[in-house]
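> below is the sequence, then the predicted model.
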Amino acid sequence: MKKVSVGLLLFFVFSITIFAQQQYRRPVKPTKNVIVMIPDGTSIGVVSAARWYQIYNKLGGDNLAVDPYLCGTVKTFSSNAPIGDSAPTTSCYMTGMPQQTGNVAIYPVADPENDLIPVDPAMAYQPLPTVLEAAKYQQNKATGLVVTVEFPHATPADCSAHYYARGKYEYIASQMAYQNLDVMFGGGNSILTDDIKQHFKNTGTTLIQDDIKTFRSFNGKEKVWALFNERELPYDLDRDPEVIPSLQEMTQKALDRLSQNENGFFLMVEGSKVDWSAHGNDAVGCITEYLAFDKAVTTVMDFAKKNGETTVIVLPDHGNSGFTIGRRDLKSYDKATLDDLFKNVSKFKKTGEGLERILLKSKPEDFKAIFKEYTDIDLNEEELNLLLSSKNYKEADYMKVSNSVNMGSSIINIMDSHTYFGFTTGGHTGEEVFLAAYHPNGDIPVGMNTNVEINQYLCAALGLKTSLPEMREEIFAKHTDVFKGMDYTIDKSGDFPVLKVKKGNVTLSVPAFKSVVYLNNQPIALPSVVVYIDKNDTFYLPKSLAAKL
């Protein structure tokens with residue numbers, strides 16, 4: 001977009017206001033419960049391959065669980081780029097505002113030359129309420145997140161935290177803990193701090209760590225976090241079911257707990273690592289991770305139809321890798337049989353990552369036998385030499401595996417070469433993604449929806465009485481406005497900045513990234529988190545805090 005003249009400024013200000021407040025295009029009857037399911041980074045080619053893989057291996061019929069509910073596509077994009085990252089794309093689903101790469105539920109910085117939608121420069125870094133926060137704050141619904149990566153990863157963070165950089169886990173994790181979620185299932189034990197654990201004790205939240213037996217036996221009404229592994233969970237194909245629960249099992253447990261709330265609930269379920277396997281160009285990983293997600297779809301749809309008061313929407317946040325059934329070196333592609341296409345990949349018992357972990361602990365002379373055991377591939381000399389000459393480490397950045405000459409990428413290259421699947425990139429792609437939905441009255445989004453319209457649909461399905469922009473003014477007001485004329489300072493000596501406001505003999509201390517403040521050292525719980533942005537040295541907090549002084 002070209003720079004605008006002063007004469008057009010009022011038009012863009014008006015456009016921004018309309019953009020933020022418009023309603024979904026069709027009537028939607030509100031339901032008690034709303035569930036969002038996101039197979040992260042799932043291009044339509046992955047869905048097609050997963051369906052054929054299921055048919056070939058006789059895993060449950062000719063259709064995926066999602067198939068009867070497919071109803072359209074979603075144009076998903078960042079505020080200034082057509083190809084989205086997980087942070088800004090899911091943030092838009094949650095807040096209604098497209099954002100820039102790295103942004104977590106926060107207003108983007110204006111980029112006049114490239115912005116695809118109106119962006120108000122004055123609102124840069126402003127935290128934006130999410131539909132999860134609205135469900136909790138406005139309607140007292142239970143809230144939950146179920147993922148297969150570490151809990152502060154981009155997609156779950158988009159639902160329950162605010163910051164301009166998705167990698168700032170210390171700020172994001174604290175916000176997620178202080179959101180007082182009713183359910184949080186996933187990975188990330190190493191990210192928990194002593195402060196977070198103490199907050200769980202203060203709020204009566206049950207914390208289950210690497211204990212599948214306790215997880216499976218849990219049937220309480222208290223808030224519950226169950227985390228497995230130090231960071232992300234293993235791929236489903238590599239998962240030990242006696243140690244790590246499946247996404248389907250975690251989803252069922254979340255439904256059991258959340259459905260006890262008489263006001264209903266909001267739940268987000270993410271098949272997180274379809275995206276990771278796509279970044280790594282791991283074909284069997286993409287297929288089996290999606291199928292694990294599809295099982296969770298079965299559980300959710302069964303619940304929704306039986307419950308009769310639940311809206312479900314299923315959609316990826318963006319495409320990834322340009323995954324295809326068929327590639328340029330496949331001769332007579334139109335004559336390739338189902339057996340040609342799916343016989344070899346169906347013999348793979350591990351993902352590339354899972355096989356890498358085994359090989360890195362093995363002697364080189366055993367590589368051929370191990371490869372044969374887990375893939376049915378007889379390594380030729382060239383393939384064996386590729387493994388032996390690979391850098392003997394795992395690429396630290398999961399987004400760069402396909403572009404690295406390491407053991408992991410070498411394994412995947414060999415496995416993929418024995419299939420008929422192709423990839424165009426190791427990064428995200430800009431095509432539209434699939435849309436599926438269920439509503440007890442049939443009020444579903446159809447056709448092509450933008451990511452902004454998906455947010456409007458979710459707000460309508462929740463039946464929010466206060467719009468998200470109006471809610472933003474209530475819970476994320478600038479401290480300079482809330483405490484205007486008062487004596488305040490910002491203490492930056494600790495782990496998190498603390499806003500200190502004095503009036504007479506009263507001192508209000510407001511720690512950043514938490515939902516507890518202290519009035520003369522006495523704790524007061526807030527219904528929302530406090531966010532601090534260093535870029536503008538501003539605290540964003542409830543407007544009602546002024547009344548405490």
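Structure's in. What do you need? Numbering: from 1, shown residues only.

> what pairs with the nearest residue to V516 once chain neighbours are set aside across the strands?
Excluding the flanking residues, the one nearest V516 by CB to CB, 6 or more residues apart in numbering is P523, at 5.2 Å. Bear in mind the C-beta positions are built from the backbone N, C-alpha and C, glycine included. Taking DSSP bridges as the rule, P523 bridges to Y518.

> P523 and P511, how far apart?
10 Å (CB to CB, to the nearest Å).

> next one: S362
For S362, the distance to P511 equals 49 Å [CB to CB].

> higher neighbour count, P523 and P511?
P511 (22 against 10; other CB atoms under 10 Å).

> which residues sit in contact with the more buried one?
F496, P497, V498, V517, V530 (CB atoms under 8 Å, 6 or more residues apart in numbering).

> give me the neighbour count for the residue nearest to the last one when sequence neighbours are not counted.
Once flanking residues are discounted, V530 sits nearest to L541: 4.6 Å by CB to CB, 6+ apart. A count of nearby residues for L541, using other CB under 10 Å, gives 27.

> which residues pair with L541 across the strands?
A477.

> thought H479 was touching it, still the case?
Yes: here L541 reaches H479: they are 6.1 Å apart, a contact under CB atoms under 8 Å.

> which neighbours do these two share?
L499, V510.

> what segments of the stretch 201-350 of the chain are strands?
Assigned by DSSP state E, counting those that start in this stretch, the stretch 201-350 of the chain shows strands spanning 206-209, 224-227, 265-271, 310-314, 319-320, 324-325.

> can you give me the helices in the stretch 151-300 of the chain?
Residue ranges of the helices in the stretch 151-300 of the chain, as given by DSSP state H, counting those that start in this stretch, are 154-160, 169-178, 194-202, 212-217, 247-258, 274-279, 283-307.

> now render those as CSV, adding mean neighbour count.
Listed next are these as CSV, based on neighbours: other CB atoms under 10 Å:
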stretch, mean neighbour count
helix 154-160, 29
helix 169-178, 24
helix 194-202, 14
helix 212-217, 14
helix 247-258, 22
helix 274-279, 30
helix 283-307, 23
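
> for G430, which of those helices is the nearest?
Of all those, helix 274-279 sits nearest to G430, with 14.0 Å by CB to CB.

> now do the closest one, average pLDDT.
The average of the pLDDT scores along helix 274-279 is 98.

> from the chain's centroid, how far away is it?
13 Å (CA atoms, centre = their mean, to the nearest Å).

> likewise for stretch 428-445?
With CA atoms, centre = their mean, you get 16 Å for stretch 428-445.

> return the mean pLDDT over that stretch, rounded to an integer.
pLDDT averaged over stretch 428-445 gives 98.

> ends of that stretch, what's the gap?
Stretch 428-445 has an end-to-end distance of 25 Å (criterion: CA to CA, to the nearest Å).

> now do stretch 62-75
Taking CA to CA, the first and last residues of stretch 62-75 lie 28 Å apart.

> so K548 makes contact with L508?
Yes: using CB under 8 Å as the test, K548 is close enough to L508 to be in contact (5.7 Å).

> mind listing the shared neighbours of these two?
Joint contacts of K548 and L508 (CB under 8 Å, 6+ apart) are V517, L519.

> in the sheet, who's paired with V34?
F266, T311.

> who are the neighbours in contact with it?
Applying CB under 8 Å, 6+ apart, the residues contacting V34 are 131, 135, 264-267, 310-313, 458, 461-462.

> restricted to buried residues, select those residues in PyMOL.
Typed into PyMOL, the next command selects the buried ones out of those (criterion: 16 or more other CB atoms under 10 Å):
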select buried, resi 131+135+264+265+266+267+310+311+312+313+458+461+462
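
> mind putting the contacts of V34 into JSON lines with pLDDT and distance to E170?
Listed next are the contacts of V34 as JSON lines, based on pLDDT from 0 to 100; distance: CB to CB, whole Å:
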{"residue": "V131", "pLDDT": "98", "distance to E170": "25"}
{"residue": "A135", "pLDDT": "98", "distance to E170": "26"}
{"residue": "G264", "pLDDT": "98", "distance to E170": "32"}
{"residue": "F265", "pLDDT": "98", "distance to E170": "28"}
{"residue": "F266", "pLDDT": "99", "distance to E170": "25"}
{"residue": "L267", "pLDDT": "99", "distance to E170": "26"}
{"residue": "T310", "pLDDT": "98", "distance to E170": "35"}
{"residue": "T311", "pLDDT": "98", "distance to E170": "34"}
{"residue": "V312", "pLDDT": "98", "distance to E170": "33"}
{"residue": "I313", "pLDDT": "98", "distance to E170": "31"}
{"residue": "L458", "pLDDT": "98", "distance to E170": "29"}
{"residue": "A461", "pLDDT": "98", "distance to E170": "33"}
{"residue": "L462", "pLDDT": "98", "distance to E170": "31"}
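
> now, among the contacts of V34, which is nearest to T148?
L267 (15.0 Å).

> okay, and the common contacts of P523 and P511?
The contact lists of P523 and P511 share V517, where a contact means CB under 8 Å, 6+ apart.

> centroid residue for this protein?
Most central in the chain under CA atoms, centre = their mean is T155, positioned 1.9 Å from the mean C-alpha point.

> surely that residue is in contact with S86?
Yes: in this structure, T155 is within contact of S86 by CB under 8 Å, at 5.5 Å.

> pLDDT weak spots in the stretch 351-500 of the chain?
Residues of the stretch 351-500 of the chain that meet the criterion pLDDT under 70 lie in 391-404.

> could you pull out the helices in it for me?
Using DSSP H, counting those that start in this stretch, helices in the stretch 351-500 of the chain cover 352-359, 367-375, 381-389, 407-417, 451-462, 468-475, 479-482.
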